[in-house]
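# need a structure here:
(2 chains)
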Number of protein chains: 2
Amino acid sequence: MLKNDRVLRALLREPVDRTPIWLMRQAGRYLPEYRQTRARAESFLDLCRSPDLCTEVALQPIVRYGFDAAILFSDILTLPDAMGLGLRFVEGEGPRFEQPLREEWAIRNLSPPDPELELGYVLEAVRMIKRALADEVPLIGFAGSPWTLACYMVEGAGNSDFTVAKQMAFSRPDLMHRILQVNATAVADYLNAQIAAGADAVMLFDTWGGVLSEASFIEFSLKYLELVCARLTRTARGRRVPVIVFVKGGGVWLKQIAECGADAIGVDWTIDLGRARAQVGDRVALQGNLDPVALLAPPERVAQEAVRVLESYGEGPGHVFNLGHGVLPETPPEHVAVLVETVQHQSGRFHRSPE
Amino acid sequence: MLKNDRVLRALLREPVDRTPIWLMRQAGRYLPEYRQTRARAESFLDLCRSPDLCTEVALQPIVRYGFDAAILFSDILTLPDAMGLGLRFVEGEGPRFEQPLREEWAIRNLSPPDPELELGYVLEAVRMIKRALADEVPLIGFAGSPWTLACYMVEGAGNSDFTVAKQMAFSRPDLMHRILQVNATAVADYLNAQIAAGADAVMLFDTWGGVLSEASFIEFSLKYLELVCARLTRTARGRRVPVIVFVKGGGVWLKQIAECGADAIGVDWTIDLGRARAQVGDRVALQGNLDPVALLAPPERVAQEAVRVLESYGEGPGHVFNLGHGVLPETPPEHVAVLVETVQHQSGRFHRSPE
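Next up is the predicted model:
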């Protein structure tokens, strides 16, 4: 039995005593203890491949701040790496695939990996983190969305507009749909394996859904998010496993995203959270949405901005406090402490039980 | 008297016989004739500073495709350059300011330039392009928005998140507001000078409004777009001068943007144009919104996507066809021809006069 299940309850729109909080990239470069652990691995990928080190870094922000959930420490690109694309991280430049998916034969040959065989190190990390958490807080598993993974797989590297991937979607939609079909199966299998290994909730990151037009988003991303949601194990160890879908830049499509089958929608900072709530109604919970840059402001301002997000969501259940994207590496750790304390101490008034 | 005034009429929601079309960056690197002219200038900035060469490149897409409007050839950063920030373009890396605005004293000393004195070369280009156009089609002048200019001025270079500028907005809002006040005056003076020199319409590019939260967008960008709109000359040479405001990534705030005082709103490709129209009602015209990547697809697909945008907007006045952002340098020029022909030949049916 989890001692603190606020995140799981809030994701399912059940009552809580205060708004729970965790942050995307809460385990990461802004923390000196993370940088120390990181220095013990040859490369970022070696860090991801060591269940021991992953456990160490996943626990660090829980110990330091008392977040209401831990998140698996990994990278969304380990999945396409397991599909044979040859991932490496170039220092200061980000991820690269040695075999980007451009040729028709390679796309036809693509197949979903067996998570236990090819991604055993991630599942072992899930099991170790769960043991280390000792049921204090839940563990969130995650994967990239089929579209976001396809962006990197086709492009071969990260950038901010993914022209090559979008060009394939316009020019050879048959090939793009083939990749997305395989990815949807792979993502669902991978998340189900994480759930079987102990993940209490899972999150799908559609980091690059927002580069698409509305029609293309529905055709190439949302449809496959729906497929994944439909295939996920929704109950494990006697409890509902909430699913969070986060589409960065998806504020304009919130109503459509709210119908994809997820329990909760992650929202970036570009839409006012109250307005987002009015759009999705009571269909889903919302997770977000402080601008990560706000954490670079002086502590008083951090607290003000946190309260603004709480007030914007307003009273009642269904809000998990988070940033609108990952913690920036230059974030002062003491500002994160101010944020967590503000949410812990000032969110109770939004959850008074009805008389 | 302009022979083809469709763009001006559509921007004011007046009836037209077919949907007019022009494209952001229609004069640019995708055109071989542009690359030839560009090779005759030492640098991109030298090209911008030569009214002769600017006239040559501004006319090239009019001659080749018969677009319904020409746009001034220049760069939004010539204005902060005229404020003493020292602009240069680093090959393959984009713009750099030698003196980014970081110090309080420099911000206090910032003042709007006199356009005739400091930006005479731009105004001379406006006059020369107008003469060369010989009243065939209108000329659109332009400037960056106060916020977007501030992003580059504070950051000192382009990037995609503008953390330094946003950090100043969170940490020293007084300093950011001071920059934005100066920019708003400078932009209004500059656009009014372009109008006096002959521009028939003007466009404000808020390319980086979309990096802000909703509350910050209203405080740091929209408020200053309103200020600029309120200060612009709205009639020249006996005719209304339409004002277009384009906020990239602003689809989620369309209703608010539609109230800023502009006649027309530029829309990027992330929102369905029909849905955008339903949101803004009859307050403003809309300009957009084909994804520039669609132009990399085979010609049949280009034509299909163009018709999809026309159908999405639907019947009646108030639509200027454009991309959702600038033409990509790798665009095949013959695909642009297909786009223009499709809009010219297939948009008449959306403009039948009522029986």
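
# CA only for contacts and neighbour counts going forward, please
Noted.

# where does the one residue in the stretch 51-200 of chain A that gets nearest to chain B fall, phi/psi-wise?
In the stretch 51-200 of chain A, the residue that lies nearest chain B is residue A:171 (4.9 Å; CA to the nearest CA). For residue A:171, the backbone dihedrals (degrees, to the nearest 10) come out as phi -90, psi -40.

# list the contacts for the closest residue to it other than its chain neighbours?
Once flanking residues are discounted, residue A:171 sits nearest to residue B:297: 4.9 Å by CA to CA, 6 or more residues apart in numbering or on different chains. By CA atoms under 8 Å, 6 or more residues apart in numbering or on different chains, the contact set of residue B:297 is A:167, A:170-171.

# Which residue ranges of chain A form strands?
Taking DSSP state E as the test, the strands found in chain A are A:70-71, A:87-90, A:94-97, A:139-144, A:201-206, A:235-236, A:239-240, A:243-247, A:264-266, A:285-290, A:319-323.

# List just the one of those that sits closest to residue B:60.
strand A:94-97 (39.2 Å; CA to CA).

# what's that closest one packed up against?
strand A:87-90 (3 or more CA pairs under 8 Å, 6 or more residues apart in numbering or on different chains; DSSP states H and E).

# Give me the buried positions along the strand it packs on.
A:87-88 (16 or more other CA atoms under 10 Å in any protein chain shown).

# For it, give me every contacting residue.
By CA under 8 Å, 6+ apart, strand A:87-90 touches A:43-45, A:77-78, A:80-81, A:95-98.

# Can you list the strands that the lowest-mean-pLDDT helix or strand in chain A pairs with?
Within chain A, judged by mean pLDDT, DSSP states H and E, the helix or strand with the poorest mean is strand A:87-90; its value is a mean of 89. Applying DSSP bridges to the sheet, strand A:87-90 is found paired with strand A:94-97 (antiparallel).

# does stretch A:144-154 come close to chain B?
No. Stretch A:144-154 is not in contact with chain B by CA under 8 Å from any CA of the partner chain; minimum separation 14.1 Å.

# buried set for that stretch?
In stretch A:144-154, counting by 16+ other CA under 10 Å, buried: A:144-154.

# Spell out which residues of the stretch 151-300 of chain A are next to chain B.
A:160, A:163, A:166-167, A:170-171, A:210-215, A:251-252, A:269-272, A:291, A:293-294, A:296-298.

# So which of those residues belong to helices?
Among those, the members found in helices (DSSP state H) are A:163, A:166-167, A:170-171, A:214-215.

# residue contacts, residue A:313?
A:273-274, A:277, A:319.

# Buried subset of these as a PyMOL selection?
The buried residues among the contacts of residue A:313 can be selected in PyMOL (16+ other CA under 10 Å) with this line:
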select buried, chain A and resi 273+277+319
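
# Quick one: residues in contact with stretch A:245-265.
A:11-12, A:203-211, A:214, A:222-223, A:225-226, A:229-230, A:242-244, A:266-268, A:270-271, A:276, A:279-280, A:283-287, A:325, B:251-252, B:270-271.

# closest point of the stretch 101-250 of chain A to chain B, which residue?
Nearest residue of the stretch 101-250 of chain A to chain B (CA to the nearest CA) works out as residue A:213 at 4.2 Å.

# Give me the nearest residue to the residue in the stretch 251-355 of chain A positioned nearest to chain B, chain neighbours excluded.
Distances between the stretch 251-355 of chain A and chain B by CA to the nearest CA are smallest at residue A:270, namely 4.2 Å. Spatially, and ignoring its direct neighbours in sequence, residue A:270 is nearest to residue B:213 (4.2 Å; CA to CA, 6+ apart).

# what does the model give that neighbour for pLDDT?
pLDDT recorded at residue B:213 is 97.

# how near is it to residue A:309?
According to CA to CA, to the nearest Å, residue B:213 and residue A:309 sit 11 Å apart.

# Then residue A:136?
Taking CA to CA as the measure, residue A:136 falls 26 Å from residue A:309.

# which of the ones in helices among the residues of the stretch 151-300 of chain A next to chain B count as buried?
A:163, A:166-167, A:170-171, A:214.

# and the gap between the spatially closest residue to residue A:72 that is not a sequence neighbour and residue B:134?
Distance criterion CA to CA, 6+ apart; nearest residue to residue A:72, sequence neighbours excluded, is residue A:141 at 5.4 Å. Here the criterion is CA to CA. By it, residue A:141 lies 64 Å from residue B:134.

# Same drill for those two, tell me which one is more crowded.
Here residue A:141 and residue B:134 are compared on neighbour count by other CA atoms under 10 Å in any protein chain shown; more neighbours surround residue A:141, at 28 against 12.

# In contact with the closest residue to residue A:316 other than its chain neighbours, which residues are there?
Distance criterion CA to CA, 6+ apart; nearest residue to residue A:316, sequence neighbours excluded, is residue A:351 at 5.5 Å. Residue A:351 is in contact with A:15-19, A:315-317, counting by CA under 8 Å, 6+ apart.

# From these, pick the one nearest residue B:194.
Closest to residue B:194, out of all of the contacts of residue A:351 and judged by CA to CA, is residue A:315, at 50.7 Å.

# could you show me where the helices are in the stretch 51-200 of chain A, in order?
A:51-65, A:78-80, A:104-109, A:115-118, A:120-133, A:146-155, A:163-171, A:173-197 (DSSP state H, counting those that start in this stretch).

# can you tell which of the ones you listed is closest to residue A:3?
helix A:120-133 (10.4 Å).

# Averaged pLDDT, the closest one. What do you get?
So the average pLDDT for helix A:120-133 ends up being 98.

# tell me what it is packed against?
Looks like helix A:120-133 contacts helix A:51-65, strand A:139-144, helix A:173-197 (3+ CA pairs under 8 Å, 6+ apart).

# okay, these, which one's buried deepest?
The highest mean neighbour count among these, using mean count of other CA atoms under 10 Å in any protein chain shown, belongs to strand A:139-144: a mean of 26.

# Quickly run through the sheet partners of that strand, with directions.
In the sheet, strand A:139-144 lines up against strand A:70-71 (parallel), strand A:201-206 (parallel) (DSSP bridges).

# Would you format the helices and strands packed on helix A:120-133 as TSV with distance to residue B:26 included?
Formatted as TSV, the helices and strands packed on helix A:120-133 follow (distance: least, CA to CA, whole Å):
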stretch	distance to residue B:26
helix A:51-65	50
strand A:139-144	36
helix A:173-197	27
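
# one step back: give the full set of residues in contact with the residue nearest to residue A:270.
Counting by CA under 8 Å, 6+ apart, residue B:213 touches A:269-272, A:291.

# ok, and the closest non-adjacent residue to residue A:43?
Nearest one to residue A:43, counting by CA to CA, 6+ apart, is residue A:89 at 7.8 Å.

# From start to finish, how long is stretch A:126-143 in a straight line?
13 Å.

# What is the distance between it and the centre of its chain?
Computed by CA atoms, centre = their mean, to the nearest Å, the chain-centroid distance of stretch A:126-143 equals 15 Å.

# re the thing from before, for the residue nearest to residue A:43, name its beta-bridge partners.
Beta-bridge partners of residue A:89, as defined by DSSP bridges: residue A:95.

# Residue A:75 contacts residue A:48, doesn't it?
Yes. Look at residue A:75 against residue A:48 with CA atoms under 8 Å: they come within range, at 7.1 Å.

# Give me the more crowded residue out of those two.
residue A:48 (21 against 14).

# before we move on, back to that, adding pLDDT and neighbour count, write the contacts of residue B:213 out as TSV.
As requested, the contacts of residue B:213 are arranged in TSV below (pLDDT from 0 to 100; neighbours: other CA atoms under 10 Å in any protein chain shown):
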residue	pLDDT	neighbour count
A:269	98	25
A:270	97	28
A:271	97	23
A:272	98	22
A:291	98	24
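
# Thanks again, I'm all set now.
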